Each structure stands twice: as structure tokens, then as C-alpha cells.
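Participant: dropping the sequence and predicted coords here.
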Amino acid sequence: MREIKFRAWDKLNKCWLEFGPGLLNYFVAWKTHKEFEVSGRGHYEICQFTGLKDQNKKEIYELDIVKTYENEIGEVIFDSGEFVIKISGDYYSFDDLWSLKYGYLFEVIGNVFENPELLEDK
């Protein structure tokens, strides 16, 4: 079972907020002990941990920007109940980029808030 974690981008102060239990309950509405709904509030953008790490063991969150082993640049999004990587308008599951021998063959190079220029012309 994947670890449930979040981080929040503060749009006004342009910084990441670390989640403590109190802040988590402010952004996440728990339906059952396994089901929840994420809702950004005010000037915060909420990003969920995918449960995966890149080739450098860095945690991967929604709205991170990744570079594939083929040097393609993509954005991590949550679509139709799963995390996917959007590259040039196409959607790829994480399974498409998995190798049992090498692990995930991509790396986190930024995020859409701090590095939007990485997605320009993509």
C-alpha cells in the first residue's frame, strides 16, 4: 500500500509548506479510512505523493516535472484515478517507464510552480 502524503504550494508566498497533521486535515477530507478527497483552499495548491521515487531516490509528487531516459520532458498529473506523465499531449503510466532491472528511468527536474519554463513548447 502506498504512503499517503501531500505538500502544498503557497501561491502568495511562493514556497512549499510541509504538512503536519493539523494542516493535512485542513486540505484533505477523509471519506473513510482509505478514501479521501483533496481540495485546495485559498491560495494553496495541493500536490499528492505518487508513492514512487525517481532514479535518484527523490520522491515524486503531482505537478513535478520529470525527464525520461529518452530526454523527453513531462508533467506528473493525476488522471482517471491514477498518476500519469503527460508528455507532448500524450499520457503515459508509470508502468510504461518501469524496468525491473534499472528502476524508474526518469528523474524529477523541477515542478510547474518553480520551473514552468521546463514545460514551454512541450
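Facilitator: Nice, thanks for sending it over.

Participant: so Asn56, which of the three states?
Facilitator: coil (DSSP: H, G, I helix; E, B strand; the rest coil).

Participant: hang on, it packs against Glu107?
Facilitator: Yes - using Cβ atoms under 8 Å, Asn56 makes contact with Glu107 at a distance of 5.6 Å. Glycine gets a C-beta too; all of them are placed from N, C-alpha and C.

Participant: those two - which one has more neighbours?
Facilitator: Set Asn56 next to Glu107 and count neighbours by other Cβ atoms under 10 Å: Glu107 wins out with 17 against 8.

Participant: roughly how far apart are the more buried one and Asn13?
Facilitator: To Asn13, Glu107 is 27 Å away according to Cβ to Cβ, to the nearest Å.

Participant: contact partners for the one residue sitting closest to the centre of the chain?
Facilitator: Most central in the chain under Cα atoms, centre = their mean is Glu62, positioned 1.7 Å from the mean C-alpha point. Glu62 makes contacts with 47-48, 50, 76-78, 83, as judged by Cβ atoms under 8 Å, 6 or more residues apart in numbering.

Participant: just the buried members of those?
Facilitator: Among the contacts of Glu62, those classed as buried by 16 or more other Cβ atoms under 10 Å are 47-48, 50, 76, 83.

Participant: from those, which is closest to Asn111?
Facilitator: Of all these, Asn111 sits closest to Cys47, with 7.8 Å by Cβ to Cβ.

Participant: my read: the closest one touches Trp9, true?
Facilitator: Yes - in this structure, Cys47 is within contact of Trp9 by Cβ under 8 Å, at 6.8 Å.

Participant: what residues are shared contacts of those two?
Facilitator: Common neighbours of Cys47 and Trp9 (Cβ under 8 Å, 6+ apart) are 63, 111.

Participant: flag the shaky bits of this structure, pLDDT-wise.
Facilitator: 1-2, 19-41, 96-104, 121-122 (pLDDT under 70).

Participant: how close does Tyr91 sit to Leu63?
Facilitator: For Tyr91, the distance to Leu63 - Cβ to Cβ - is 15 Å.
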